[in-house]
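*Asks:* Make a model of this:
(2 chains)
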Amino acid sequence: MKPLNILLLTCSLTVTLPVYADEAKVAVAANFTGPMEKIAQAFEQETGHKLVIAYGTVGKFYAQIKNGAPFEVLVSSDDETPIRLEKDGLAIAGNRFTYAIGKLMLWSTRPGLVDDRGEVLKRGDFKYLAIANPKTAVYGAAAVRAMEKLGVYAALEPKLVQGENITQTYQFTATGNAELGFVALSQIYKDGRYAEGSRWVVPPELYPALRQDAVLLTRGKGNAAAEALLVYLKSDAAKAVIRSYGYEF
Amino acid sequence: MHLSDSDLQAIWLTIRLASIVTLILLFVGTPIAWWLARTKAWWKGPIGAVVALPLVLPPSVLGFYLLLGMGPNGPVGHLTEALGIGLLPFTFWGLVVASVFYSLPFMVQPLQSAFESIGERPLEVAATLRASPLDAFFTVAVPLALPGFLSASILTFAHTVGEFGVVLMIGGNIPGETRVASVQIYDHVEALEYMQAHNLAAVMLVFSFAVLLTIYVWRPNPKRGV
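*Replies:* Got it, this is the predicted structure:
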């Protein structure tokens, strides 16, 4: 084929692409990985839009967005980062909403290690307790607060190992390298069933509410896929998925 | 420029880790490099490839396998527990073991080429003077390969200092134990403490440049001795 023909063919292909489908780049907090994958699949099927999703810690996303990362939506693990982005003019004010409230769990793969009142934290008969980095991950900060309120933080501090984010914290615990860990309920709860092992639902009054907000970023203005995703996150279908992973609203 | 106590602790820990790893690899890497340089066995190729693996494997792969392998259900984990050492992840010595794997090619490959460039001749001459192979190794090969030892050690040290992915996977971010400088910088960035990140990053940058400068400027001419 002659170069000119290839060029013409390329042009015609570009022109005939459907115009109704848009693509959105979405930054998603690591703890929301499971439900987001399900939601994205249903969303793409229903709307014909396409999502390109990056999972990670919100602190990293904040730095990237500030430096021009091409994200159109942030599905955050907190409510502070979206507010900060609004103040910076990087998110569109008035769009922010809480799509889920996370729950903190103490979990071990060993049956019988974690009791349903969290007494194991007072006994301290383990070598390592995994938490997410409290400086950078809200679940880590919540775990520290809960331990402080229980009055066990000072005693347990030498046993703490930190995951870079909540996914890595889960990894440390799931591989048994840490006997137990503070993870997100969404990581060990699916369709009404808990993962193997033993667990304790940390009472919500022990830590500040884990409000997870989503926000449309300035780059996403006018992007049909990005705007549709934010609407979809409030739909009953999305809420059913979110609830099935143990989040509340 | 201000470095906090935890920054200094991270730097000190990094230096300690890199020094110990370099020392261990001098002992482990030298016989491997010597063997690779001299052998005509068919499995020279496969062994060489295994040694070079950490060059191409993503640190996340290496870190993930180390986490599983050294964990309570892994073969290395079973061994260390049976020996009464306990489990290696989240410990300084766990990082040492991981770094020995991770930096192995940086020690072996420069040494191997140094040994290869010596050739058969000096060793044959030594043998005719009734030097035993071990004697010839220490009195002939090592002095001739000294520049190779120097660059291999510097590269190994520097590469261990720059290690990040593997440490993140198996370290657990414990101050004074596994929180090395690269992880500390990452933490600063994640916590939006950009000023502290800049300070520590500047130290790393200057250090890395100085190391490479040493290799490129002061490197003795390898041909001179031979």
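
*Asks:* just checking, what packs against the strand or helix carrying residue B:76?
*Replies:* Using DSSP states H and E, the element containing residue B:76 is helix B:75-82. With contacts defined as 3 or more CB pairs under 8 Å, 6 or more residues apart in numbering or on different chains; DSSP states H and E, the packing partners of helix B:75-82 are helix B:59-70. (Glycine included, C-beta is placed from N, CA and C.)

*Asks:* now the angle from the helix it packs on to helix B:75-82?
*Replies:* Relative orientation of helix B:59-70 and helix B:75-82, computed by axes from the mean of the first three to the mean of the last three CA atoms, to 10 degrees: 40 degrees.

*Asks:* So which elements touch the helix or strand just after the helix holding residue B:76?
*Replies:* Downstream of helix B:75-82, the first helix or strand assigned by DSSP H and E is helix B:92-118. Applying 3+ CB pairs under 8 Å, 6+ apart, one finds that helix B:92-118 contacts helix B:5-38, helix B:44-56, helix B:59-70, helix B:146-161, helix B:165-170.

*Asks:* Number of residues surrounding the residue in chain B that chain A sits nearest to?
*Replies:* As assessed by CB to the nearest CB, chain A sits closest to residue B:172 within chain B, at 3.1 Å. Look at residue B:172: counted by other CB atoms under 10 Å in any protein chain shown, it has 27 neighbours.

*Asks:* Name the SS class of it, please.
*Replies:* What DSSP: H, G, I helix; E, B strand; the rest coil gives for residue B:172 is coil.

*Asks:* Give the bridge partners for the spatially closest residue to it that is not a sequence neighbour, please.
*Replies:* Nearest non-adjacent residue to residue B:172, counting by CB to CB, 6 or more residues apart in numbering or on different chains: residue A:161, 3.1 Å away. Under DSSP bridges, the beta-bridge partners of residue A:161 are residue A:130.

*Asks:* didn't residue A:161 look like it was pressed against residue A:130?
*Replies:* Yes. With contacts counted by CB atoms under 8 Å, residue A:161 reaches residue A:130, the gap being 5.2 Å.

*Asks:* can you list residues touching both of these two?
*Replies:* A:172, A:177-178, B:172 (CB atoms under 8 Å, 6 or more residues apart in numbering or on different chains).

*Asks:* Which members of these are positioned in helices?
*Replies:* When the shared contacts of residue A:161 and residue A:130 are checked against helices (DSSP state H), the matches are residue A:172.

*Asks:* Closest to residue B:88 out of the shared contacts of residue A:161 and residue A:130?
*Replies:* Relative to residue B:88, the closest of the shared contacts of residue A:161 and residue A:130 is residue A:177; by CB to CB it sits at 9.2 Å.

*Asks:* what's the distance between the closest one and residue A:183?
*Replies:* 14 Å (CB to CB, to the nearest Å).

*Asks:* Common neighbours of those two, please.
*Replies:* Shared contacts of residue A:177 and residue A:183 (CB under 8 Å, 6+ apart): residue A:130.

*Asks:* on that earlier part again, quick check: angle from the helix holding residue B:76 to helix B:92-118?
*Replies:* 120 degrees.

*Asks:* Give me the contact list for helix B:75-82.
*Replies:* So helix B:75-82 is contacted by B:69-72, B:86-88 (CB under 8 Å, 6+ apart).

*Asks:* Widest-spaced pair of those?
*Replies:* Farthest pair in these, by CB to CB: B:69 and B:86, 15.0 Å.

*Asks:* burial of the nearest residue to residue A:196 once chain neighbours are set aside, as a residue count?
*Replies:* Spatial nearest neighbour of residue A:196, excluding adjacent residues (CB to CB, 6+ apart): residue A:109 at 6.3 Å. Close neighbours of residue A:109, defined as other CB under 10 Å, add up to 20.

*Asks:* Can you give the distance of the host helix or strand of residue A:156 from its chain's centre?
*Replies:* For residue A:156, the enclosing helix or strand under DSSP H and E is helix A:153-156. Computed by CA atoms, centre = their mean, to the nearest Å, the separation of helix A:153-156 from the middle of its chain amounts to 27 Å.

*Asks:* Would it count as contacting chain B?
*Replies:* No. Figure legend: helix A:153-156 not in contact with chain B (CB under 8 Å from any CB of the partner chain); closest approach 13.0 Å.

*Asks:* Quick one: list the elements packing against that helix.
*Replies:* helix A:138-150.

*Asks:* Which elements pack onto the lengthiest helix in chain A?
*Replies:* In chain A, taking DSSP H as the definition, the longest helix is helix A:33-47. With contacts taken as 3+ CB pairs under 8 Å, 6+ apart, helix A:33-47 sits against strand A:50-56, helix A:185-188, helix A:224-233, helix A:236-244.

*Asks:* What residues sit buried inside the third one?
*Replies:* The neighbour-count criterion (16 or more other CB atoms under 10 Å in any protein chain shown) identifies A:224-230, A:232-233 as the buried residues of helix A:224-233.

*Asks:* Check for me that residue A:99 belongs to a strand.
*Replies:* Yes. Counting by three-state DSSP, one finds residue A:99 located in a strand.

*Asks:* Chain B contacts on chain A?
*Replies:* By CB under 8 Å from any CB, the residues of chain A that approach chain B are A:57, A:59-60, A:62-63, A:127-128, A:130, A:133, A:135-136, A:160-164, A:168, A:171-172, A:175-178.

*Asks:* just the buried members of those residues?
*Replies:* A:57, A:59-60, A:62-63, A:128, A:130, A:133, A:135-136, A:160-164, A:168, A:171-172, A:175-178.

*Asks:* For chain B, what's its nearest residue on chain A.
*Replies:* For chain A, CB to the nearest CB, closest residue to chain B: residue A:161, 3.1 Å.

*Asks:* State the pLDDT value of that residue.
*Replies:* As predicted, residue A:161 sits at a pLDDT of 96.

*Asks:* got a list of what it touches?
*Replies:* A:128-131, A:172, A:177-178, B:90, B:172-174.

*Asks:* can you do 6 Å?
*Replies:* By CB atoms under 6 Å, 6 or more residues apart in numbering or on different chains, the contact set of residue A:161 is A:128, A:130, A:178, B:90, B:172.
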